[in-house]
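J.: After the sequence you'll find the predicted model.
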Amino acid sequence: MSAEQSKSVGSAISIKGVVKEFTRGGQTLRVLDSLDLNVPEGSFEALMGPSGSGKSTLLNLIAGLDKPTSGEITVAGARLDKMSDAEITAWRAANVGIVFQSYNLLPVLTALENVELPLLLHKMSSAERKKRAQIALDIVGLSDRMGHYPRMLSGGQEQRVAIARAIVNDPKVIIGDEPTGDLDRNSADEILKLFEQLNRELGKTIIMVTHDPEAAERATVIRRLNKGVLA
């Protein structure tokens, strides 16, 4: 990997002077304004802020789903702002797991088959894909639900399948975009305990957007974003 793509020592995420602008109706809207952020490896961080503050935009940049207007973004060793779309796609498949508020499970596939999906991007045998998916489901406590379809699972179980899908590639960074937003308190607590386990026992770096103060308190660091600026 080139020097430009080498990461800051000890940093899972390093963002320097990032600006993100969108043009709508002939007007330029600045969503992120010269933002700096450093997330150490193995950190579990919550990102809070009012709607429209730029939280989801920031997550999209960290995940390589979008590019900044200007500035530097280094995640899991890669300078994303210097990479092509094809390079970012391959990098993301190997380094980042994303958990959304909606579970995004395919209803015609079993839990095991849903978790296997990201592995189709890699060259490996069907047996190896199945083995890795089984391990991921075991980690999230669903080894007894592998053959169940999404309609047969509770909301909390569906989100755990989504988390298993996010970690099946053993990513360095896990991104959660309101991962407990559609869950009741008990189910949300189960998901947050799982995030804590992934962080504490497997050393995963986690950055999670949430509006829920109780969810944010489970993180080791809470950051607040307002009008494109980190407080």
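T.: Cool, the structure landed.
J.: who touches stretch 29-37?
T.: Stretch 29-37 is contacted from outside by 13-23, 54, 57-58, 61, 68, 71, 223, 227-230, using C-beta atoms under 8 Å, 6 or more residues apart in numbering. Backbone N, C-alpha and C define where each C-beta goes, glycine included.
J.: scratch that, stretch 219-229 is what I was asking about
T.: Under C-beta under 8 Å, 6+ apart, the answer for stretch 219-229 is 20, 30-35, 37, 43-50, 53-55, 58, 199, 206, 208, 216, 230-231.
J.: so of the contacts of stretch 29-37, which ones are in helices?
T.: 57-58, 61 (DSSP state H).
J.: so which of those residues is the most crowded?
T.: L58 (29 neighbours; other C-beta atoms under 10 Å).
J.: Need the pLDDT of it.
T.: According to the prediction, L58 has pLDDT 95.
J.: my guess is it contacts L47, does it?
T.: Yes: here L58 reaches L47: they are 7.0 Å apart, a contact under C-beta atoms under 8 Å.
J.: need the strands for this structure, in chain order.
T.: 11-24, 27-40, 44-48, 70-75, 78-79, 96-100, 173-177, 205-209, 221-226, 229-230 (DSSP state E).
J.: Can you give me the buried ones in the second one?
T.: So the one you mean is strand 27-40. Within strand 27-40, the residues scored as buried using 16 or more other C-beta atoms under 10 Å are 31-32, 35, 37, 39.
J.: now those residues in TSV, with distance to L153?
T.: As requested, those are exported to TSV (distance: C-beta to C-beta, whole Å):
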residue	distance to L153
V31	35
L32	36
L35	38
L37	35
V39	32
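J.: Which strands or helices does the longest helix seen in the chain pack on?
T.: Of all the segments of type helix in the chain, defined by DSSP H, the longest one is helix 185-202. Secondary-structure packing of helix 185-202 (3 or more C-beta pairs under 8 Å, 6 or more residues apart in numbering; DSSP states H and E): strand 44-48, helix 155-167, strand 173-177, strand 205-209, helix 213-216.
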